[in-house]
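Novice: next comes the sequence, and after it the predicted model I'd like to discuss.
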Amino acid sequence: MVNTMEPRYMIPTRRHITDVAVPGIYEEVKISVKTSLASAERVALTCDAWTSRATESYVTITSHHISEEWELVSHVLQTRVMHESHTGSNIAELLKTAMEEWDITGKDPAIVTDNASNMNIAAQLAGIPHVKCFAHTINLASQRALKLPSVARLLGRVRRIASFFRRSTTASHVLRQKQKLLQLPEHKLMIDVVTRWNSAFDMLQRFLEQQPAICAALLSGEVRKTEKEVCTLSEADITSAEEIVSALKPMKVATLVMSEESSPTISVVAPLHAQLIHDLQESSSDSTMTKEMKSAICLDFSKRYLDDEQKEILYMASAIDPRFKALPFLSEDKRQDIYVRVIAEAARSQQRETDADIVPLPNVEDIPVQEDISAGPSKRPRDSFTLADLLGQTYGGAVRPSHKKNTHDQAEEEMTRYKEAAPMSLAGANPLDWWKQHQSEYPLLSHLAKRYLCIPGTSVSSERVFSTAGDIITTQRSALSPEHVDEILFLNKNFKMK
């Protein structure tokens, strides 16, 4: 067809696409990404490891910063193969090399990873602040509750029922008929994944939604008696499933909130962490299983975010978010301490910027004095008495300027007005929009907002690269070299910049 349309056109070969076209576009887009990062006030990173279908181990690094227009900008920087053991020192060297390659060492980077010990060590060795992924923290706490014997047994029964209806074409057909008859959504039953706690929540929620249709299908004559006996649940089991869904619902909502990528999430971590612990306190109306679940989750939550550096980052980010600036989850003393820290850091940040902008002036003594020859010889002034002779001592001197506020006083004044302002609504609000509107009103605090609100509260952005990688490194494309995997993933996420 191409030959008929234009016989002179030479179709690019596979080798040309692989060795010339893709690398050329990659270099162009890489320059655009570096330019974007160079304008950032601060750059935050997320890092996670994954394994491809070809059993190659990769580490993906993403970056996040706030642009001059107060938009949260994210990039996938690199996806590099890692043949060495995933020790903290090896990952630290990978991080240092990446920061040097992308010229962000001087951007005061912070990193967000999962709760793995090797990631903690890597951040320490790389010398950058570390924040643990809150979505991963929720997963670990919820998994602890789902592994309780009573909960695990119920999940096994529901899983067996869902597997039966997904495996049997006859039972699946009967279920669809009953869904239509009962006017229920024609949804398939779900089966959970061991590594994702929310899949167990979704499985139970879907089971409870379709429970009338499931009972009707099992009571029909088209399902064998043996299958009915295996798939039948008692009323107590159904009640227990409802209790599990009710207990885990706050965790599900928190996970959805933290998975947002278009608005800041680091400032939400501390309020959510405190609220979840509060909501999961035992009450007298809870069943024994519900109390055990809440106790397990709270016990796991209490072990997280104990590091002083992490807590300070989370509290500072919440204080600089107009939605949570009141910090009601902290004691009065701790709240005032955070405000003092915000003021001090805002002043320091402004002072560093001022010092960087100062251009040294030449010494006055080194400047040669030139006489004004064109003016001619100077004349001796005639003796005269003027108002200056009478009042010169009092009023003739230069007017002394009033005391100029230093950066600390200015930051303190801004913080006072910021706390007195009405808080931002939680409904569909983006704190970056608020700061864009009030940037001129709070110049020092807005500068600090860009430094903290750019840090994501989760490493979800890195994990989402894995899903894209699964579409790229398929069974038919398992021979892709690591260099091409890096280039294709990079262009898939960043090509819109070009």
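Specialist: Yes, it's here.
Novice: switch to C-alpha atoms for all contacts and neighbour counts from now on
Specialist: Fine.
Novice: for the stretch 151-300 of the chain, which spans come out with low pLDDT?
Specialist: 221-231 (pLDDT under 70).
Novice: you'd agree Ser172 is up against Ser163?
Specialist: No - contact criterion Cα atoms under 8 Å: Ser172 and Ser163 do not qualify, at 10.4 Å.
Novice: between these two, point out the one with more neighbours.
Specialist: Counted by other Cα atoms under 10 Å, Ser172 and Ser163 do not tie: Ser172 has more neighbours, with 19 against 15.
Novice: now that one: closest residue in space that isn't a chain neighbour?
Specialist: Phe165 (5.1 Å; Cα to Cα, 6 or more residues apart in numbering).
Novice: now swap in Cys47 and tell me
Specialist: Ile61 (4.7 Å).
Novice: check contacts around that neighbour.
Specialist: 45-48, 76-79, 462 (Cα atoms under 8 Å, 6 or more residues apart in numbering).
Novice: over to Thr87?
Specialist: Neighbours of Thr87 in contact, by Cα under 8 Å, 6+ apart: 118, 122.
Novice: what kind of secondary structure is Cys454 in?
Specialist: When classified by DSSP: H, G, I helix; E, B strand; the rest coil, Cys454 comes out as coil.
Novice: counting by contacts, list what the helix ranked longest in the chain packs against.
Specialist: Secondary structure of the chain per DSSP state H: the longest helix is helix 332-357. Packing contacts for helix 332-357, counted by 3 or more Cα pairs under 8 Å, 6 or more residues apart in numbering; DSSP states H and E, involve helix 308-319, helix 407-420, helix 443-452.
Novice: about what we covered before: OK, contacts around the residue nearest to Ser172?
Specialist: Phe165 neighbours (Cα under 8 Å, 6+ apart): 171-172, 175, 189.
Novice: against Val151, how distant is it?
Specialist: As judged by Cα to Cα, to the nearest Å, Phe165 and Val151 stand 22 Å apart.
Novice: same question for Ala317.
Specialist: 36 Å.
Novice: these two: which has the busier surroundings?
Specialist: Ala317 (28 against 18).
Novice: would you confirm that that one contacts Lys450?
Specialist: No - between Ala317 and Lys450 there is no contact, the gap being 9.9 Å when judged by Cα under 8 Å.
Novice: show me where the chain has its strands.
Specialist: 44-51, 57-66, 72-81, 110-113, 130-132 (DSSP state E).
Novice: among the ones you listed, which is nearest Val485?
Specialist: strand 72-81 (7.4 Å; Cα to Cα).
Novice: ok, back up a step: now the longest helix of the chain: average pLDDT?
Specialist: Helix 332-357 comes out with an average pLDDT of 84.
Novice: ok, how many other residues are close to the nearest residue to Pro271 once chain neighbours are set aside?
Specialist: Counting by Cα to Cα, 6+ apart, the nearest residue to Pro271 once its immediate chain neighbours are dropped is Phe329, at 6.6 Å. Around Phe329 there are 17 other residues, counting by other Cα under 10 Å.
Novice: enumerate every residue touching Phe329.
Specialist: Counted by Cα under 8 Å, 6+ apart, Phe329 has contacts 271, 274-275.
Novice: out of these, who's nearest Met424?
Specialist: Pro271 (14.7 Å).
Novice: list the contacts for the closest one?
Specialist: 318, 324, 327, 329.
Novice: picking that back up, ok, the contacts of Phe329 vs Ile455, which is closest?
Specialist: Pro271 (15.9 Å).
Novice: roughly how far does that closest one sit from Lys303?
Specialist: For Pro271 relative to Lys303 (Cα to Cα), the value is 16 Å.
Novice: again with Ala145
Specialist: Counting by Cα to Cα - Ala145 and Lys303 are separated by 15 Å.
Novice: these two: who's more crowded?
Specialist: When Ala145 and Lys303 are compared on other Cα under 10 Å, the one with more neighbours turns out to be Ala145, at 26 against 11.
Novice: separation between that one and His273?
Specialist: Taken as Cα to Cα, the span from Ala145 to His273 is 17 Å.
Novice: in stretch 77-93, which residues are buried?
Specialist: Neighbour counts over stretch 77-93 (16 or more other Cα atoms under 10 Å) mark 77-82, 86, 88-89, 91-92 as buried.
Novice: just give the nearest non-adjacent residue to Val342, would you?
Specialist: Met316 (6.6 Å).
Novice: for stretch 436-454, give me every contacting residue.
Specialist: Contact with stretch 436-454 is made by 41-44, 64-66, 69-70, 72, 264-267, 313, 316-317, 320-321, 345-347, 349-350, 410-411, 414-415, 418, 435, as judged by Cα under 8 Å, 6+ apart.
Novice: just the terminal-to-terminal distance for that stretch.
Specialist: Stretch 436-454 end-to-end distance (Cα to Cα) = 14 Å.
Novice: got the buried residues for it?
Specialist: 439, 442-454.
Novice: between those residues, which is nearest Ala254?
Specialist: Leu453 (18.2 Å).
Novice: list phi and psi for that closest one.
Specialist: phi -70, psi -10 (degrees, to the nearest 10).
Novice: swap in the one 3 residues further on?
Specialist: The phi and psi values for Pro456, taken as degrees, to the nearest 10, are phi -70, psi 150.
Novice: how is this structure divided into domains?
Specialist: 29-132+459-497, 139-259, 312-355+416-452 (automatic domain parsing).
Novice: go through those and name the closest to Arg14.
Specialist: Taking Cα to Cα, domain 29-132+459-497 is the member of the domains of the chain nearest to Arg14, at 13.0 Å.
Novice: quick one: the closest one to chain centroid distance?
Specialist: 13 Å (Cα atoms, centre = their mean, to the nearest Å).
Novice: what mean pLDDT does that domain have?
Specialist: Here the average pLDDT along domain 29-132+459-497 is 89.
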